[in-house]
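**Student:** Got a sequence here, can you model it:
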Amino acid sequence: MADIEYFYSTHSAYAYIGSQLLFDIAERHNAQIVHRPIDLNPVVDATSGEPFGYRTQAHRDYFFDREIERWAEYRNAPLINHRPTWHDEPLALPNGFMIAAAQAGLDANRLSHEILKAHWLEDANHADANTLCKIAISIDIDPEPLLEQALTKEVQSIHKANTQEAIERHIFGSPTYFVNGDMFYGQDRLELVDRALTHPFSGTWPKS
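**Tutor:** Predicted structure coming up:
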């Protein structure tokens, strides 16, 4: 069984837009998705790119407004018509919630999709414990064990390690996928991920 390593943050618009297609691709190829939630800001900062808050208004309008609108329409991923109210909340709890779910062998694919969808379609606070509970219960997952684990030293160590690994592997942002070590950045590369699962691309990454 092939693995798709899935580096993402639980507040990422593009992770939400691509999530259903990602899961469809994995099911079609009988591939396992390895969830690797990350703290996004340190990863972006490490790329030597401009931090989000320092980018020009035109840059933000294009990449985080118009592009999101078009891709959401193209992928049939409905969303609210404004930046989520709680978008800048810390990621430790929701990412830890997802790490705990994956460790417990629960349906991490569906849970991650529902958290992302609630944030981008319902303007839900992804970093609120009660909100996470409601989302989990809605798909028949008991949230209490996940909440108990989410902020523990063990789970947050994994969160930190995921983030550090993302930096060391030169990840540019969320979502990023790896198939047999080859990196695909952005949900707009999912068609390439699909192909790579049966017909790997020539060449190697990272470049030597």
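
**Student:** Run through this protein and note the low-pLDDT ranges.
**Tutor:** 48-54, 208 (pLDDT under 70).

**Student:** At which residues are the strands of it located?
**Tutor:** Taking DSSP state E as the criterion, the chain carries its strands at 3-8, 32-37, 176-179, 182-185.

**Student:** Reformat those as a markdown table; add distance to Pro200.
**Tutor:** Bear in mind the C-beta positions are built from the backbone N, C-alpha and C, glycine included. A markdown table is the format used below for the strands of the chain (distance: least, Cβ to Cβ, whole Å):
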| stretch | distance to Pro200 |
| --- | --- |
| strand 3-8 | 13 |
| strand 32-37 | 17 |
| strand 176-179 | 7 |
| strand 182-185 | 7 |
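
**Student:** Quick one: closest of those strands to His126.
**Tutor:** strand 32-37 (11.3 Å; Cβ to Cβ).

**Student:** The closest one pairs with which strands, and in what direction?
**Tutor:** Looking at strand 32-37 with DSSP bridges, its partner strands are strand 3-8 (parallel).

**Student:** ok, now how distant is the closest residue to Ile115 other than its chain neighbours from Glu89?
**Tutor:** Computed as Cβ to Cβ, 6 or more residues apart in numbering, the closest residue to Ile115 that is not its neighbour in sequence is Thr10, at 5.3 Å. For Thr10, the distance to Glu89 equals 10 Å [Cβ to Cβ, to the nearest Å].

**Student:** what about the two, which has more around it?
**Tutor:** Higher neighbour count among Thr10 and Glu89: Thr10, with 25 against 16, using other Cβ atoms under 10 Å.

**Student:** and the more buried one, how far is that from Arg189?
**Tutor:** In terms of Cβ to Cβ, Thr10 sits 20 Å off from Arg189.

**Student:** now do Met1
**Tutor:** 21 Å.

**Student:** Among these two, which residue is more densely surrounded?
**Tutor:** More crowded of Met1 and Arg189, by other Cβ under 10 Å: Arg189, with 16 against 7.

**Student:** To Tyr62, which of the strands of the chain lies closest?
**Tutor:** strand 182-185 (17.3 Å).

**Student:** what packs against that closest one?
**Tutor:** strand 176-179, helix 190-196 (3 or more Cβ pairs under 8 Å, 6 or more residues apart in numbering; DSSP states H and E).

**Student:** Please list the residues outside the first one that contact it.
**Tutor:** Contacts of strand 176-179 from elsewhere in the structure, counted by Cβ atoms under 8 Å, 6 or more residues apart in numbering, are 2-8, 22, 166, 169, 183-186, 189-190, 193, 196-197, 200.
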